[in-house]
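K.L.:
Build me a model:
(one chain, ligands or ions: 1)
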Amino acid sequence: MSNFLDIPVEFSHPETSSVHIIPVPYDMTSTYRKGADRGPQAIIDASAQVEWFDIPTRSEPHLKGIHTQEAVACSEPDPIHLAPMVRDRVAAVLDAGKLPVVLGGEHSVSIGAFEAAAQKFPGSLTIVQIDAHGDTRESYHGSTHNHACVMARARDLAPIVQIGIRAIDKVEMDAMEPSRTFFAHDILDAPDGGWMDGVTDLLTDHIYLTIDLDGLDPSILPSTGTPEPGGLDWRTINTLIRKIAENSKIVGLDVVELCPTDHHASDFIAAKLVLRAIAECQSAHL
Ligand SMILES: [Mn+2]
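P.N.:
Sure thing, here's the model as predicted:
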């Protein structure tokens, strides 16, 4: 697997890099279109075409080093066994004072990353989710670590904030905290972005940001396993990430659920979003 951005080795050495990309090519529990296991490689392949200079932050994130780790071995059928593998990778990066960026894979790959971040920042972590789906089922298809349960596991570890939600089960709705849930239709009805102040009001010192790409509208990013209409646009997700990074320290993040098709714009947008998020984190804190 080549490295993210296809950067020279001087900018991708594990010791000197401020960012570690952790590919997790896992897809065992997705229920509609399979293929998220090919997501990390598609993002890395597309990243070779992303310009290194980031216009909004006027920065070149690779100058602070972006190391791409070997992919996590993903042969386990139940994500409950994958979580410790991801947790250990992410914990080592956090312990080194670097920014872990997990590339999925289906959303269950995030659970181990949540565990590592919650362990590292007890009492000060909030897990912020951008997603079309609530993912707060306690169990699904016999597993507590199914992709549909990711935010239930997050909620076990730290307060959560959910943004862009537009598909949930009635049982999830009943258990949701309305003040911590930003439904997509409310966001789209408030184009001035004032709702983002409601998000930042909920943030704590340390943030783990989990981005399910289906949080974006499928008109710009259709290559996800479970697309839902009525999602966020590019500008909104960028502004949101900037506000979060300015308000709190994003200590780790993931970008998950790219299910590559022949729609190459999806792969590119995912890669660009990864770089944009890194740029905003660096600009604010690294
Ligand atoms: Mn989703």
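K.L.:
Pull the number of nearby residues for residue 164.
P.N.:
For residue 164, the count of nearby residues is 27 (other Cβ atoms under 10 Å). Placement of C-beta: from N, CA and C, glycine included.
K.L.:
residues contacting it?
P.N.:
Residue 164 is in contact with 130, 131, 132, 182, 184, 187, 215, 231, 232, counting by Cβ atoms under 8 Å, 6 or more residues apart in numbering.
K.L.:
repeat that with 10 Å
P.N.:
Contact partners of residue 164, counting by Cβ atoms under 10 Å, 6 or more residues apart in numbering, are 129-133, 182-184, 187-188, 211-212, 214-217, 228, 230-232, 236-237, 240.
K.L.:
just residue 126 next, same as before
P.N.:
Counting by Cβ under 10 Å, 6+ apart, residue 126 touches 117, 154, 158-161, 180, 202-209, 244, 248.
K.L.:
which SS state does it fall under?
P.N.:
Counting by DSSP: H, G, I helix; E, B strand; the rest coil, the backbone at residue 126 sits in strand.
K.L.:
Please apply the same query to the one 3 residues further on.
P.N.:
Residue 129 falls in the strand class when you classify it by three-state DSSP.
K.L.:
picking that back up, run through the contacts of residue 164 and flag the ones next to the ion.
P.N.:
Residues of the contacts of residue 164 in contact with the ion (Cβ under 5 Å from the ion): 131, 132, 133, 212, 214.
K.L.:
picking up where we left off before, mind listing which of the contacts of residue 126 are in strands?
P.N.:
Among the contacts of residue 126, the members falling in strands (DSSP state E) are 160, 161, 206, 207, 208, 209.
K.L.:
Could you tell me which of the ones next to the ion among the contacts of residue 164 are located in strands?
P.N.:
Using DSSP E, those in strands are residue 212.
K.L.:
what residues does the stretch 1-150 of the chain put near the ion?
P.N.:
Counting by Cβ under 5 Å from the ion, the stretch 1-150 of the chain comes close to the ion at 131, 132, 133.
K.L.:
residues near the residue of the stretch 1-150 of the chain found nearest the ion, how many?
P.N.:
Going by Cβ to the ion, the ion is nearest to residue 133 of the stretch 1-150 of the chain, at 3.7 Å. Other residues within reach of residue 133, judged by other Cβ under 10 Å, total 26.
K.L.:
try residue 121
P.N.:
Residue 121: 20 neighbours (other Cβ under 10 Å).
K.L.:
Return the residues in contact with it.
P.N.:
Taking Cβ under 10 Å, 6+ apart, we find residue 121 in contact with 94, 158, 204, 205, 206, 207, 208, 249, 251, 252.
K.L.:
Any figure for the gap between it and residue 127?
P.N.:
11 Å (Cβ to Cβ, to the nearest Å).
K.L.:
what do you get for residue 186?
P.N.:
20 Å.
K.L.:
out of these two, which sits in the busier spot?
P.N.:
residue 127 (26 against 12).
K.L.:
what's the nearest residue to that one if we skip its chain neighbours?
P.N.:
Setting aside the residues directly before and after it, residue 127 is nearest to residue 154 in space (Cβ to Cβ, 6 or more residues apart in numbering), at 4.4 Å.
K.L.:
List the residues that contact that neighbour.
P.N.:
Residue 154 is in contact with 110-111, 113-115, 117-118, 125-129, 135-136, 160, 162, 208, 210, counting by Cβ under 10 Å, 6+ apart.
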